[in-house]
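Visitor: fold the following for me, if possible:
(one chain, ligands or ions: 2)
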Amino acid sequence: MARIGIIGSQGRMGQAIAAAIGEAGEQFAGGVDKGEDVSSITQAADVLIDFSSPAALEGNLDAAMAAGLPIVIGTTGLEERHHWLIDAAAQAIPVLQTGNTSLGVTLLAHLVREAAARLGDDWDIEIVETHHRMKVDAPSGTALLLGEAAAKGREVSLADHAVRGRDGITGRREAGTIGFAALRGGSVAGDHTVHFLADNERLSFSHLAENRGIFAKGAVRAAQWLMGKQPGRYTMPEVLGL
Ligand SMILES: NC(=O)C1=CN([C@@H]2O[C@H](COP(=O)(O)OP(=O)(O)OC[C@H]3O[C@@H](n4cnc5c(N)ncnc54)[C@H](OP(=O)(O)O)[C@@H]3O)[C@@H](O)[C@H]2O)C=CC1
Ligand SMILES: O=C(O)C1=N[C@H](C(=O)O)C[C@H](O)C1
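Guide: Ligands and ions are numbered 1, 2, ... in the order given. Predicted coordinates:
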């Protein structure tokens with residue numbers, strides 16, 4: 001039985017993950033939240049799951065490395081410097097970071113990459129996401145993950161092609177860009193649509209999350225899979241065999 005510790009355990013996702021740990025027949029090893037010391041749960045844990053805040057990431061990675069524990073990072077709103085920290089930690093421990101742990105989004109990213117590779121630059125790509133009113137970051141980690149997939153399909157860098165929100169006299173749409181739009185409201189668990197828009201035809205791929213259970217289940221599956229792996233940075237497609 002895997003002993004799984006949760007960082008951000010009292011949050012919406014932390015509570016869903018605690019439930020998913022029980023449903024998977026694994027053991028909840030304890031949780032920490034803001035102001036608590038992650039090392040207080042590392043001794044009792046075989047693996048950590050972090051769904052907290054970007055501000056906590058560096059300390060969480062340090063604690064995981066000090067204890068030699070694998071860690072699943074689901075926290076979004078990460079910046080480039082956070083990814084450098086993750087790359088550095090992955091030299092010492094197994095790390096899996098993803099903006100979305102669900103099976104559906106993992107497959108969606110594959111389909112988006114394929115579509116972007118096959119459709120030319122005359123197909124404009126726009127990514128629209130909708131989330132509950134409590135979400136603090138935009139675009140969502142999933143939207144960025146899908147944008148990365150589209151950029152990979154086109155063999156370009158997302159950083160050089162992303163347009164994150166429009167306001168005012170923006171000018172015409174620049175060819176080859178990948179646009180993002182974020183809606184916030186209600187209790188929406190997470191909806192994402194990637195639109196491919198050409199002259200006279202449109203193709204859209206959507207994923208609608210009906211509850212957080214799908215993310216929690218995927219996070220636990222990733223934690224189970226990560227245990228016993230060599231140090232390195234792993235991905236959800238590897239976990240799910242996609
Ligand atoms: N990858 C995926 O599949 C998914 C990712 N997410 C992401 O997971 C994260 C959490 O989402 P959600 O549960 O909705 O958010 P919540 O705000 O409900 O939960 C976050 C939790 O983390 C705690 N926390 C904040 N700062 C720290 C810290 N420094 N150390 C330890 N704990 C801390 C919070 O405590 P306090 O309230 O005291 O601040 C809270 O308990 C977000 O980044 C979200 O985007 C969400 C769903 C799926
Ligand atoms: O904050 C959320 O709720 C979610 N966050 C993730 C994201 O930023 O993509 C995943 C999911 O959409 C829910």
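
Visitor: stretch 65-84 near ligand 2 anywhere?
Guide: Yes: using Cβ under 6 Å from any ligand atom, stretch 65-84 reaches ligand 2 at Thr76. Placement of C-beta: from N, CA and C, glycine included.

Visitor: that stretch: how far from the chain's middle?
Guide: Between the centre of stretch 65-84 and the centre of its chain there are 11 Å (Cα atoms, centre = their mean, to the nearest Å).

Visitor: can you pull up the most central residue in the protein?
Guide: Among the residues of the chain, Gly99 comes closest to the average C-alpha position under Cα atoms, centre = their mean, at 0.8 Å.

Visitor: once you drop chain neighbours, what's closest to Ala116?
Guide: Taking Cβ to Cβ, 6 or more residues apart in numbering, and ignoring the residues beside it in sequence, Ala116 has Gly153 as its nearest neighbour in space, at 3.0 Å.

Visitor: pretty sure Met1 sits against Gln27.
Guide: Yes: between Met1 and Gln27 there is a contact under Cβ atoms under 8 Å: 5.1 Å.

Visitor: who's in contact with Ile73?
Guide: In this structure, Ile73 makes contact with Asp50, Leu57, Asn60, Ile86, Val95, Leu96, Gln97, Thr98, judged by Cβ atoms under 8 Å, 6 or more residues apart in numbering.

Visitor: just to revisit the earlier point, more neighbours: Met1 and Gln27, which one.
Guide: Each of Met1 and Gln27 has its neighbours counted (other Cβ atoms under 10 Å); Gln27 has more, 15 against 8.

Visitor: residues contacting the closest residue to ligand 1 within the chain?
Guide: When Cβ to the nearest ligand atom is the measure, the chain has its nearest residue to ligand 1 at Gly11, with 2.0 Å between them. Each residue near Gly11 by Cβ under 8 Å, 6+ apart is listed here: Asp33, Phe51, Ser52.

Visitor: same question, Gln224
Guide: Counting by Cβ under 8 Å, 6+ apart, Gln224 touches Ala2, Ala24, Glu26, Val47.

Visitor: and the furthest pair within the residues you listed?
Guide: Taking every pair in the contacts of Gln224 and measuring Cβ to Cβ, the maximum separation is 12.2 Å, between Ala24 and Val47.

Visitor: ignoring the adjacent residues along the chain, who's closest to whichever residue of the chain sits closest to ligand 2?
Guide: The minimum distance from the chain to ligand 2, using Cβ to the nearest ligand atom, falls at Gly190 (2.8 Å). Taking Cβ to Cβ, 6+ apart as the measure, Gly190 lies nearest to Ala209, with 4.1 Å between them; neighbours along the chain are not counted.

Visitor: now that neighbour: phi and psi?
Guide: Backbone dihedrals for Ala209, given as degrees, to the nearest 10, come out at phi -90, psi 120.

Visitor: that one touches Lys217, doesn't it?
Guide: No: with contact defined as Cβ under 8 Å, Ala209 does not reach Lys217; the gap is 11.5 Å.

Visitor: and for the two, which residues touch both?
Guide: The overlap between the contact sets of Ala209 and Lys217 (Cβ under 8 Å, 6+ apart) is empty.

Visitor: any idea of the mean pLDDT in the longest helix seen in the chain?
Guide: Among the elements of the chain assigned as helix by DSSP state H, the one spanning the most residues is helix 103-118. Helix 103-118 shows an average pLDDT of 98 in the prediction.
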